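Engineer: what follows is a predicted structure for the sequence shown.
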Amino acid sequence: MEIFATIVIALLASFIIYRNIKKSSKGSCNCGSCSSHCPKYNNNKE
């Protein structure tokens, strides 16, 4: 049971990392909300 939970957590973490890298490579904001504290906020605003 512990092995199954570990595999699920590892797959979820891998998916999140992959999604963030994919968004960053496209130049879009990967912080989820793109608020004023996001470093890409100024780039998206202009």
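Structural biologist: Looks like it arrived, so ask away.
Engineer: show the average pLDDT along the helix or strand where residue 11 lies.
Structural biologist: Per DSSP states H and E: residue 11 is located in helix 2-26. Model confidence over helix 2-26, given as mean pLDDT, is 91.
Engineer: how about it: buried residues?
Structural biologist: If you call a residue buried by 16 or more other C-beta atoms under 10 Å, then helix 2-26 has no buried ones at all. C-betas here are computed from N, CA, C, even on glycine.
Engineer: that one - contacts with which helices or strands?
Structural biologist: With contacts taken as 3 or more C-beta pairs under 8 Å, 6 or more residues apart in numbering; DSSP states H and E, helix 2-26 sits against no other helix or strand.
Engineer: gap between residue 25 and residue 19?
Structural biologist: Residue 25 sits 11 Å away from residue 19 when distances are taken as C-beta to C-beta, to the nearest Å.
Engineer: same question but for residue 4, I mixed them up
Structural biologist: The gap separating residue 4 from residue 19 is 23 Å, by C-beta to C-beta.
Engineer: for residue 9, same thing?
Structural biologist: In this view, residue 9 and residue 19 are 16 Å apart by C-beta to C-beta.
Engineer: do residue 11 as well
Structural biologist: Taking C-beta to C-beta, one finds residue 11 at 13 Å from residue 19.
Engineer: check residue 42 and give its pLDDT.
Structural biologist: 57.
Engineer: with the one 4 residues further on instead?
Structural biologist: Listed pLDDT for residue 46 reads 49.
Engineer: what of residue 33?
Structural biologist: At residue 33, pLDDT is 60.
Engineer: what's the answer for residue 39, then?
Structural biologist: 60.
Engineer: and what of residue 29?
Structural biologist: 67.
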